[in-house]
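1. sequence? don't have it. structure:
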C-alpha cells in the first residue's frame with residue numbers, strides 16, 4: 001500500500017514537472033524566436049549659430065557615422081533627406097573623408113537640430129568619422145574593435161561674421177548609436193560615439209575636436 005502511494009506521488013511529481021517545463025517553454029518561445037533589427041541613429045544639435053551674420057555663404061561640416069573603412073552606417077539619402085530651415089544638406093568629400101555639410105546663404109544663420117535613424121542588417125563596429133587620431137596611434141579598425149576611448153575627429157566652419165563685441169561659441173552635440181540587434185535571445189553589441197564640444201565662432205576651416213567612443217557589450221537577454 002505504501003509502495004503504491006509512493007509511486008503515485010512520483011508519477012504526480014513527474015507530471016507536474018513536465019507541465020511546468022512545457023509552460024516555461026511556451027513562455028520562452030516568443031522571446032526565443034523574436035528578432036530585433038540593429039538600429040542606427042544620429043542626433044545632431046548645433047547651437048550658437050543663431051544671429052551670426054553670414055558672409056555670402058556659410059558652411060558647417062560634421063562627422064558621419066561609418067565603419068572603419070569609411071562606409072556610411074546610415075544611407076546618404078537618410079542623412080541628407082528632409083528639410084532644415086535655412087540650410088541645405090549634402091554629403092561632401094573632404095581631405096579627411098566624407099562629412100555632412102550644411103550650407104546657408106541667408107543673412108543670418110540658424111541653429112541646427114536633426115534626428116536621423118535607420119534599421120539595417122549589418123552588425124559591425126561604427127563610430128563618427130573622419131578619425132584624425134586614436135589613442136596610442138592604433139589603426140581605426142583596431143580602435144573600433146576595442147571597448148572605447150577618446151579619439152580626435154574634425155568639424156568645419158566657414159563664412160560666419162562673429163559679433164564685433166566679443167566672440168561667441170558654437171556648440172556641437174552629436175550622438176551616434178548603432179547595433180543592439182537581438183536574435184535567439186542573444187543581444188548584439190551597441191556602439192556609441194559622441195562629440196560634445198564648443199568651438200569659437202572666430203574659427204575658420206577644419207577644427208580638430210575630441211570624440212568619445214564606447215562599446216556596450218551584448219549577451220544573453222532574458
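-> Here it is on my side, so go on. These figures come from a predicted structure and were not determined experimentally.

2. This structure: helices as residue ranges?
-> 2-33, 76-80, 140-144 (DSSP state H).

3. The last one packs against which elements?
-> Under the contact criterion of 3 or more C-beta pairs under 8 Å, 6 or more residues apart in numbering; DSSP states H and E, helix 140-144 touches strand 127-129. For every residue, glycine as well, the C-beta is placed using N, CA and C.

4. I would like the residues contacting the strand it packs on, please.
-> Residues from elsewhere that reach strand 127-129 (C-beta atoms under 8 Å, 6 or more residues apart in numbering): 63-66, 70, 97-98, 140, 143-144, 151, 153, 174, 176, 191, 193-195, 211, 213.

5. Okay, domains of this structure per the record?
-> Here the domain parsing of the chain from automatic domain parsing is 1-33, 37-220.

6. would you turn the ones you listed into TSV with mean neighbour count and mean pLDDT?
-> Shown next, in TSV, are the domains of the chain (neighbours: other C-beta atoms under 10 Å; pLDDT from 0 to 100):
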stretch	mean neighbour count	mean pLDDT
domain 1-33	10	54
domain 37-220	17	90
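
7. need the longest strand for the chain.
-> Longest strand in the chain by number of residues (criterion: DSSP state E): strand 148-161.

8. How far does it sit from its chain's centre?
-> With C-alpha atoms, centre = their mean, to the nearest Å as the basis, strand 148-161 stands 17 Å off its chain's centre.
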